[in-house]
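A.B. asks: Below are the sequence and a predicted model; questions follow.
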Amino acid sequence: MKIEDYALIGDCHTAALVGRNGSIDWLCWPRFDSPACFAALLGSGDNGFWKISPVAERYSAKRHYRPGTLVLETEFETAEGAVSLIDFMPARSGQADLVRIVVGRRGRVAMQTEGVLRFDYGSAVPWVTLGADRHSARAIAGPDQTLLCSPVPLENRDRRTCGRFEIAAGESAAFVLTHSASHLETPRRVDPQKALADTEAFWTEWSGRCKVNGPWADAVCRSLITLKALTYAPTGGIVAAPTTSLPEKIGGVRNWDYRHCWLRDATLTLLSLMNAGYYDEAQAWREWLVRAVAGSPEQMQIMYGLAGERRLTEWELPWLAGYEGSAPVRIGNAAAAQLQLDVYGELMDALYQACKGGLARHDIAWGLQRSLLKHLTDAWIRPDEGIWEVRSAPRHFTHSKIMAWLAFDRGIKMVEAFQLKAPVERWRELRARIHADVCERGFSTRRNAFVQSYGCDELDASLLQIAITGFLPAQDPRVVSTVEAIRRDLTVDGLVMRYHTHESVDGLPPGEGVFLACTFWLADNLCMQGRWDEAKALFERLVGLTNDVGLLAEEYDPVAKRFLGNFPQAFSHVALVNTAMNLGGREKPAEQRAEKKAA
């Protein structure tokens, strides 16, 4: 299936992707980055899946989330009748459960359940035993076990666990798959109907606290629910996506593991949560940030694990062919070891916005911030790998220098707003020096635009952050001409690419889709320039790219008209929320960040 044919369910520890055909093809247990995994999405059916669908070869399928929830309902229609498949993951209570309830709506429909249980990213074939009454199947391999409880008899056939049944109007059949450590006792059985009621109540209460109104309230609410689902509840960390290695080009090698937490997303994520009224989640995210980066400033990473883990060693899975043959499939992310100066500005801005937005000031955080700026005093002049994590030689990326400026700017603003002690005069001197350096070396008079790195003429969508961060006003002629250059030379069908990919730029073969978050940034710039009609039209087009259940991937192919990259993508949904607020909210994130500059 195409990436957009999947929907998300989750329990704020992990998540699963459910296809419109009733097949769960991706699921890592017990947390987002675990190897106990259904991996058919990246390999084949032999790498693990679980499908519930009509027996009939021809049927139609429509689906939706129950309003304000992460409970997915798919309606299958056949010539004989109609059934609904309700998929969800209940809140954790010591074990990880996945519940699938089949409900008869009309007539009588023959159904089937078929599963291939696999662990270790789809490579480990477990030992599967059926219960005495054949209404359960227990699978064990190494440290993992699952228990499938079924309302219908099961059989093991060709390494598949299968069952057939019929559902008439008014009848229901509930299946529960539970994961636990294999050394523990058999997992306790879940009451499916109670779990459904509790899960629906949880999400309805949570989404009901959203303060966002207006014409795009539904899209914003769905994006916020998605962000909540991508939160690892025990720590407050938010994964960039629940998947790995969904390609940025079909058949290409730009396939990365996004099941980690990036500092780069910090400020916009924080503002989207606070502005929507979710201060508990914002507080948890801020606390995760402080814990993750605590330590030696020169060791700060661009990303961490769900609990702040630092060792994210990248390796490849040769037994998985990759999505539509897009190899290699990677686990871990070598970019964690890169120098990317922009994260210093991102962290400083996030902690400043948290305090300005009403979260209590964190005394440990201020000490950490001072140490980071002390390190950045010398580090800002170094070349780095930049926001897009290039795998070629480091360069002096313009965006990285702008974010170094932002780091000192936010340190100064913290001192001014909260009467803190710091070498603020030294910071003001550095802020002015970096600003002048960027304006002199990062702007190309030939292109009449800011460029990707010093000494080159390449454009880069990250430069759309110039006005959003407050480095220069949105109406500054250099900003206006940069935005126009990006619209003219860095778009496909009006949607923004990150940059023109080729090996000399980033060390990888060329080719990828347009980057959805960057296109939202373009809409933000149009807002800030007062071009409301253009901004609104672009935003509504982006909202129109969401799939049938309101989800976005990282990228989009405007020629093939399909999603690319990991899915669903937190960065895309954060950008949707913030642009909607910039267009019509009382709190406008672009204005919150772009305070009057004191260069």
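C.D. replies: Sure thing, it's come through. Numbering: from 1, shown residues only.

A.B. asks: Let me see the ranges of the helices in the stretch 401-550 of the chain.
C.D. replies: Along the stretch 401-550 of the chain, the segments classed as helices by DSSP state H, counting those that start in this stretch run 424-441, 465-468, 477-489, 503-506, 516-528, 532-543.

A.B. asks: what's the third one packed up against?
C.D. replies: When you say that, I think you mean helix 477-489. Secondary-structure packing of helix 477-489 (3 or more C-beta pairs under 8 Å, 6 or more residues apart in numbering; DSSP states H and E): strand 449-450, helix 465-468, helix 516-528. C-betas here are computed from N, CA, C, even on glycine.

A.B. asks: Rebuild the ones you listed as JSON lines, extending it with mean pLDDT and distance to residue 411.
C.D. replies: Compiled in JSON lines, those are given as follows (pLDDT from 0 to 100; distance: least, C-beta to C-beta, whole Å):
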{"stretch": "strand 449-450", "mean pLDDT": "98", "distance to residue 411": "24"}
{"stretch": "helix 465-468", "mean pLDDT": "97", "distance to residue 411": "18"}
{"stretch": "helix 516-528", "mean pLDDT": "97", "distance to residue 411": "24"}
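
A.B. asks: Quick one, which of the ones you listed gets closest to residue 243.
C.D. replies: Closest to residue 243 of the helices and strands packed on helix 477-489 is helix 516-528 (C-beta to C-beta; 15.6 Å).

A.B. asks: Next, the angle helix 477-489 makes with that closest one.
C.D. replies: 130 degrees (axes from the mean of the first three to the mean of the last three C-alpha atoms, to 10 degrees).

A.B. asks: The most far-flung residue of the chain relative to its centre and residue 176, how far apart?
C.D. replies: Distance from the C-alpha centroid of the chain, by C-alpha atoms, centre = their mean, peaks at residue 132 (42.6 Å). Residue 132 sits at a distance of 18 Å from residue 176 (criterion: C-beta to C-beta, to the nearest Å).

A.B. asks: And this structure, what are its domain boundaries?
C.D. replies: Domain assignment for the chain by automatic domain parsing gives 3-184, 207-588.

A.B. asks: can I get the ones you listed in TSV with distance to residue 195?
C.D. replies: Formatted as TSV, the domains of the chain follow (distance: least, C-beta to C-beta, whole Å):
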stretch	distance to residue 195
domain 3-184	4
domain 207-588	17
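
A.B. asks: what's the next secondary structure element after the strand of greatest length in the chain?
C.D. replies: Longest strand of the chain, by residue count under DSSP state E: strand 96-116. Downstream of strand 96-116, the next assigned helix or strand under DSSP states H and E is strand 127-130.

A.B. asks: what packs against that next one?
C.D. replies: Using 3+ C-beta pairs under 8 Å, 6+ apart, strand 127-130 is in contact with strand 136-141, strand 155-157.

A.B. asks: Would you point to the one among the ones you listed that's packed deepest?
C.D. replies: Ranked by mean neighbour count, those are led by strand 136-141 with a mean of 20 (mean count of other C-beta atoms under 10 Å).

A.B. asks: Run through who's touching the following helix or strand past that strand.
C.D. replies: Next in sequence after strand 136-141, counting helices and strands by DSSP H and E, comes strand 144-149. With C-beta atoms under 8 Å, 6 or more residues apart in numbering as the contact definition, strand 144-149 has outside contacts at 29, 36, 115, 117, 119, 126, 135-139, 154, 161, 175-182, 184, 186-187, 189-190.

A.B. asks: filter those residues to the buried ones?
C.D. replies: 29, 36, 115, 117, 119, 126, 136-139, 154, 161, 175-180, 182, 187, 190 (16 or more other C-beta atoms under 10 Å).

A.B. asks: and the closest residue to residue 442 other than its chain neighbours, what does it touch?
C.D. replies: Residue nearest to residue 442 in three dimensions, not counting chain neighbours: residue 398, with 3.7 Å by C-beta to C-beta, 6 or more residues apart in numbering. Going by C-beta under 8 Å, 6+ apart, residue 398 touches 438, 442, 450, 451, 452, 453, 454, 460, 462, 463.

A.B. asks: Could you single out the nearest of the residues you listed to residue 264?
C.D. replies: residue 462 (10.1 Å).

A.B. asks: Redo the helices and strands packed on helix 477-489 as a markdown table? Include mean neighbour count and distance to residue 595.
C.D. replies: Converted to a markdown table, the helices and strands packed on helix 477-489 look like this (neighbours: other C-beta atoms under 10 Å; distance: least, C-beta to C-beta, whole Å):
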| stretch | mean neighbour count | distance to residue 595 |
| --- | --- | --- |
| strand 449-450 | 26 | 20 |
| helix 465-468 | 24 | 11 |
| helix 516-528 | 26 | 13 |
